[in-house]
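Trainee: Sequence first, predicted coordinates after that:
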Amino acid sequence: MLIVDIRSSTVCQLDLQGYDACSYNEWWFNDKQCARCRTSPIGNQCEVLRIRVKHRMSILDLINRMTNLRALKFECSDDRWHESCVLPSLLDDEFVEWLTNCVPSTWKIARYARLLDSVQVWISR
């Protein structure tokens, strides 16, 4: 079943950071899939979203167009922070800096403490 086919009046959290049950591959959403997710009935009511995306611009699309979204935890395949050196510095984080410059200053953005490939955004509208 596709995410766009799911309908519920009570779902406010959506975890799309799953795996393909047959191959154990991680799911990474492309731009088109992100657009379908955010325009789906369940995407419209979503307040907390966990997702893996292929392109950073998809993150901006999701947070700017999902009007009920309050929190977003994501991984992005073009976030190369973890590859920048043996022990990457939280002070030199191009991806978080880029995202911080793209959203209002009242929003909080941070690397997830347990899994540094993940970024969290707390949205205050």
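Mentor: Now that the structure is in, tell me what you want to look at. Fair warning: this is a prediction, and the values are worked out from it, not measured in the lab.
Trainee: Could you check how far the nearest residue to residue 18 once chain neighbours are set aside is from residue 125?
Mentor: Spatial nearest neighbour of residue 18, excluding adjacent residues (C-beta to C-beta, 6 or more residues apart in numbering): residue 27 at 5.5 Å. The way it works is simple: take the backbone N, C-alpha and C, and place the C-beta from them, glycine included. Note on residue 27: its distance to residue 125, by C-beta to C-beta, to the nearest Å, is 27 Å.
Trainee: And for residue 65?
Mentor: Separation of residue 65 from residue 125 (C-beta to C-beta) stands at 12 Å.
Trainee: Now stretch 30-41: buried residues?
Mentor: 33, 34, 35, 37, 38, 40 (16 or more other C-beta atoms under 10 Å).
Trainee: now swap in stretch 65-77 and tell me
Mentor: Quick answer for stretch 65-77 (16+ other C-beta under 10 Å): 66, 69, 72, 73, 74, 75, 76.
Trainee: what residue lies at the spatial centre of the protein?
Mentor: The C-alpha lying nearest the average C-alpha coordinate of the chain belongs to residue 74 (C-alpha atoms, centre = their mean; 3.3 Å).
Trainee: before we move on, back to that, which ones among the buried residues of stretch 65-77 are found in strands?
Mentor: Within the buried residues of stretch 65-77, residues falling in strands by DSSP state E are 72, 73, 74, 75, 76.
Trainee: okay if I get these as JSON lines plus pLDDT?
Mentor: Formatted as JSON lines, these follow (pLDDT from 0 to 100):
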{"residue": "72", "pLDDT": "97"}
{"residue": "73", "pLDDT": "95"}
{"residue": "74", "pLDDT": "95"}
{"residue": "75", "pLDDT": "93"}
{"residue": "76", "pLDDT": "94"}
